[in-house]
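A.B. asks: need the 3D shape of this:
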Amino acid sequence: MSRKCQLTGKKANNGYAVSHSHRRTKKLQQANLQSKRVWWAEGNRWVRLKISTKAIKTLEKKGLDAMAKEAGINLNKM
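C.D. replies: Purely as a prediction, here's the structure:
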């Protein structure tokens, strides 16, 4: 699986590392991804997701069903 948030779609960003002499080298700014077990009340079971920390905060506010519906994810297959 790629390094991509399953709920929000966040992924790596291309950027530059700039030295003191202002020499630029390319670098990847990875998303802060965490493997998390989330309780899915409707399915009455745990679901393991690879999600960003921003998505964890949003998940606590909106709920798993709402976020999965927005992302177009079928939780039955996970």
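A.B. asks: which stretches of this structure form helices?
C.D. replies: In the chain, helices defined by DSSP state H lie at 53-62, 64-71, listed in chain order.
A.B. asks: got a markdown table for those, with mean pLDDT and mean neighbour count too?
C.D. replies: C-beta: built from backbone N, CA, C; applies to glycine. Supplementary listing: the helices of the chain in a markdown table, determined by pLDDT from 0 to 100; neighbours: other C-beta atoms under 10 Å:
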| stretch | mean pLDDT | mean neighbour count |
| --- | --- | --- |
| helix 53-62 | 96 | 15 |
| helix 64-71 | 94 | 16 |
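A.B. asks: those helices: which one's closest to Val38?
C.D. replies: Nearest to Val38 among those is helix 64-71; the distance by C-beta to C-beta comes to 5.6 Å.
A.B. asks: quick one: list the elements packing against the closest one.
C.D. replies: strand 33-40, helix 53-62 (3 or more C-beta pairs under 8 Å, 6 or more residues apart in numbering; DSSP states H and E).
A.B. asks: so what's the gap between it and the chain middle?
C.D. replies: Here helix 64-71 is found 13 Å from its chain centre; the criterion is C-alpha atoms, centre = their mean, to the nearest Å.
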